[in-house]
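# Give the three-dimensional model of this entry:
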Amino acid sequence: MSVAEEEKQLVREKAKSKRLAFVLLGIAIVAEVTGAICLKASEGLTVPLPTLVTVIGYLITFTLLIKILQNLPLGLVYGIWGGVGSAATMLVGVVVWHDPFTACTAVGVLLVIGGVYLLNKGTDEIEAARAQQQ
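Residues are numbered from 1 along each chain as shown. From the prediction side, this is the model:
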């Protein structure tokens, strides 16, 4: 295999690892939101089933984050995980527990989503610039 072919193979493997990391990040977010929902339902960790689901949800979340951080930058991962997880948890709170939802809350959620988009775009731009330098 030539050097050029080896480089192309490395690029493909890195892209595949990055895609897998984003899939795992999605699963980590679902596990975290599930854990947060069950945390509220556990009534201060006094109801066994929601308490167990909370613990399992957070164990899954942090186990996946360990793997994800091997392929994606910390700032990007934490921004997406925290932002999307917070927005999703807030929306579930509104729907399930009738938590308050105001215009200010809506703007906050939109800003979180916009921030996640900008984090991802900025990371992509940096990676593209690094690839051109090599």
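
# Could you say which helix or strand holds the residue nearest to the spatial centre of the chain?
By C-alpha atoms, centre = their mean, the chain has its centre lying nearest to Trp81, at 2.9 Å. In this structure, Trp81 sits in helix 74-97 according to DSSP states H and E.

# Return the set of buried residues in that helix.
Neighbour counts using 16 or more other C-beta atoms under 10 Å place 76-77, 79-81, 83-90, 92-93 of helix 74-97 among the buried residues. C-beta coordinates here come from the backbone N, C-alpha and C atoms, glycine included.

# and the next element down the chain from that helix?
Following helix 74-97 toward the C-terminus (DSSP H and E): helix 103-133.

# and that following helix with helix 74-97, angle?
Computed by axes from the mean of the first three to the mean of the last three C-alpha atoms, to 10 degrees, the angle separating helix 103-133 from helix 74-97 equals 150 degrees.

# elements contacting helix 103-133?
Secondary-structure packing of helix 103-133 (3 or more C-beta pairs under 8 Å, 6 or more residues apart in numbering; DSSP states H and E): helix 74-97.
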